[in-house]
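Undergrad: Give me coordinates for this.
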Amino acid sequence: QVFGCMRKEGLQVTILSTCPVADYKTQESTLTLPSPFLKALKTKEFKEQVCCPLLEQPNIVRDLPAAVLSYCQVWQIPAVLYQCYTDVIKLDTVTIEAFKPLLSSKILKSLVKDVSESTKILKKLLTTNETHNNIYI
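TA: Prediction:
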């Protein structure tokens, strides 16, 4: 429904997603992998360089990120998915920091004012979110 309200000309989609490192399929032990880490998956039309290695087979992406990427592939919209594999259940600053290399990408560069302030802002946002989550405990 979101894409139905948007013009497709000149559109480029960037999807950010996280999932457990246990979902990552590899020959080596997942215990030796530096967590969190990023992998990318892109549509055929996405021509820019990705900021991390591509996701290898037999790994899969599921749920909403997969649906958005599939939609973009079918409708020939340039799109890239950055999947962060993490060993924590709740989103934290370490996991969010894994996305930091994306701030230098061509499409996101214009959205960033000052990368050096990003860590401080993220910590403030997460601290505020934790306060609200504690109300329901």
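
Undergrad: Pull the contacting residues for residue 14.
TA: 79, 80, 82, 102, 105, 107, 108 (CB atoms under 8 Å, 6 or more residues apart in numbering). Any C-beta I mention is one placed from the backbone N, CA and C, and that applies to glycine too.

Undergrad: residues contacting the fifth one?
TA: When contacts are counted by CB under 8 Å, 6+ apart, residue 105 is found next to 14, 48, 51.

Undergrad: Give me the residues contacting stretch 56-64.
TA: By CB under 8 Å, 6+ apart, stretch 56-64 touches 17, 23, 24, 25, 26, 39, 41, 55, 66, 69, 81, 83.

Undergrad: Quick check: chain neighbours aside, which residue is closest to residue 66?
TA: Distance criterion CB to CB, 6 or more residues apart in numbering; nearest residue to residue 66, sequence neighbours excluded, is residue 60 at 7.6 Å.

Undergrad: follow-up on the earlier one: among the contacts of residue 14, which are located in strands?
TA: Using DSSP state E, the members of those that fall within strands are 79, 80, 82.

Undergrad: picking up where we left off before, and the furthest pair within the contacts of stretch 56-64?
TA: For the contacts of stretch 56-64, the farthest-apart pair by CB to CB is 26 and 69; their separation is 21.1 Å.

Undergrad: that older thread, just to be sure, the residue nearest to residue 66 is in a helix?
TA: No - checked against DSSP: H, G, I helix; E, B strand; the rest coil, residue 60 lies outside a helix; its state is coil.

Undergrad: Helices of this structure, residue ranges please.
TA: Counting by DSSP state H, the chain has helices at residues 63-74, 93-97, 106-109, 118-134.
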